[in-house]
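**Student:** Let me see the structure of the following:
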Amino acid sequence: MTSPRSESNTILIVGSNGVIGSSVIKHLKRQSIFFIGTTKRHCNKEGNSLYLDLADHETFVNLNLNQYKCAILCGSITSIKACEENPLETRKVNVHGNIALIQLLADAGVHVVFISTS
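**Tutor:** Numbering: from 1, shown residues only. Take a look at the predicted model:
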């Protein structure tokens, strides 16, 4: 069965500004593997990041899903304080946003790696 996406070796890193995402990017750079990162920050200094807000599913259209071989999802709200103070927003991002993005990626034939820490 043929995948609905075009053949590409590009890796999507969701949450490329975080501790895990930035470490993944360092590794990919050392291996000369092409990637595109996402960030919730509006300022894109390196030029290889796309704006993505997991709380706003309309920003998912920026991704052009058919260009990725794999997506590594590292994006979430990780601050315990922020999670405790904003449980609804945390759930919107960490649960609903990631599930919606995973579904879109899977439907596009993109291999998804979801990373989580304790």
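
**Student:** From now on I want contacts and neighbour counts done on CA atoms only, so please keep to that.
**Tutor:** OK.

**Student:** Return the list of strands paired to the worst-scoring helix or strand of the chain on mean pLDDT, each annotated with direction.
**Tutor:** When the helices and strands of the chain are compared on mean pLDDT, DSSP states H and E, strand 49-51 comes out lowest with a mean of 89. Strand 49-51 sits in its sheet next to strand 35-39 (parallel), going by DSSP bridges.

**Student:** Looking at the strand it pairs with now, give me its mean pLDDT.
**Tutor:** Taken as a whole, strand 35-39 has a mean pLDDT of 93.

**Student:** Give the buried residues for that strand.
**Tutor:** Neighbour-count burial for strand 35-39 flags 35-39 (criterion: 16 or more other CA atoms under 10 Å).

**Student:** so can I have JSON lines of these showing distance to T59?
**Tutor:** What follows is these, written out as JSON lines (distance: CA to CA, whole Å):
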{"residue": "F35", "distance to T59": "19"}
{"residue": "I36", "distance to T59": "15"}
{"residue": "G37", "distance to T59": "14"}
{"residue": "T38", "distance to T59": "11"}
{"residue": "T39", "distance to T59": "11"}
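
**Student:** Mind picking the two most distant members of the residues you listed?
**Tutor:** Pairwise distances across the buried residues of strand 35-39 peak at 13.2 Å for F35 and T39 (criterion: CA to CA).

**Student:** just the buried residues of strand 35-39 now: which is nearest S23?
**Tutor:** G37 (11.9 Å).

**Student:** what's across from the closest one in the sheet?
**Tutor:** I13, S49.

**Student:** Would you map the helices across the protein?
**Tutor:** Remark: helices assigned in the chain by DSSP state H are 19-30, 80-85, 87-91, 98-107.

**Student:** The residue most central in space within the chain: what's it in contact with?
**Tutor:** In the chain, the centroid-proximal residue (CA atoms, centre = their mean) is V14; its distance is 1.7 Å. Going by CA atoms under 8 Å, 6 or more residues apart in numbering, V14 touches 21, 37-39, 71-75.
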